[in-house]
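Novice: sequence and predicted model, in that order:
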Amino acid sequence: MSKTGVTQTRGINIDRKKLVDDIFKEFSNKKLKELRKKIVVVFSGEQGGDGGGLRREFFSIAAKELFDPSKGLFKLCPNGINVQQR
């Protein structure tokens, strides 16, 4: 086992057009052991191996999408800066 506790990988296939839906599909109802695996990202219809760059891009895009108030998961606070869970 490595220092991070990650010993296995888990591939996820993400469609950029359905990113939020795919995130929930890939991560909902998974056991902790499955969630601890290192993620290898494949974007649907795109060539390229994940040497870390695709995973980094995935998390960057995912954070922007998930915290986007128009998605309905979070909303802007009255100060217009912070977000709060709905």
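Specialist: The structure has been received and is ready for your questions.
Novice: contacts and neighbour counts: CA atoms only from here.
Specialist: OK.
Novice: sec struct for the nearest residue to K71 once chain neighbours are set aside, please.
Specialist: Spatial nearest neighbour of K71, chain neighbours left out: E65 (7.4 Å); criterion: C-alpha to C-alpha, 6 or more residues apart in numbering. Using DSSP: H, G, I helix; E, B strand; the rest coil, the structure places E65 in helix.
Novice: residues contacting E65?
Specialist: Taking C-alpha atoms under 8 Å, 6 or more residues apart in numbering, we find E65 in contact with 19-20, 71.
Novice: tabulate these (JSON lines), appending secondary structure.
Specialist: Converted to JSON lines, these look like this (three-state DSSP):
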{"residue": "L19", "secondary structure": "helix"}
{"residue": "V20", "secondary structure": "helix"}
{"residue": "K71", "secondary structure": "helix"}
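Novice: dump those into a markdown table; add neighbour count, pLDDT and distance to N13 as well.
Specialist: A markdown table is the format used below for the contacts of E65 (neighbours: other C-alpha atoms under 10 Å; pLDDT from 0 to 100; distance: C-alpha to C-alpha, whole Å):
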| residue | neighbour count | pLDDT | distance to N13 |
| --- | --- | --- | --- |
| L19 | 18 | 93 | 10 |
| V20 | 18 | 91 | 12 |
| K71 | 11 | 82 | 21 |
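Novice: what's the closest of these to C77?
Specialist: Among the contacts of E65, K71 lies closest to C77 (C-alpha to C-alpha), at 15.1 Å.
Novice: could you report the neighbour count for the closest residue to K75 other than its chain neighbours?
Specialist: In this structure, K75 finds its nearest non-sequential neighbour in P69, 4.7 Å apart by C-alpha to C-alpha, 6+ apart. If you count neighbours by other C-alpha atoms under 10 Å, P69 ends up with 16.
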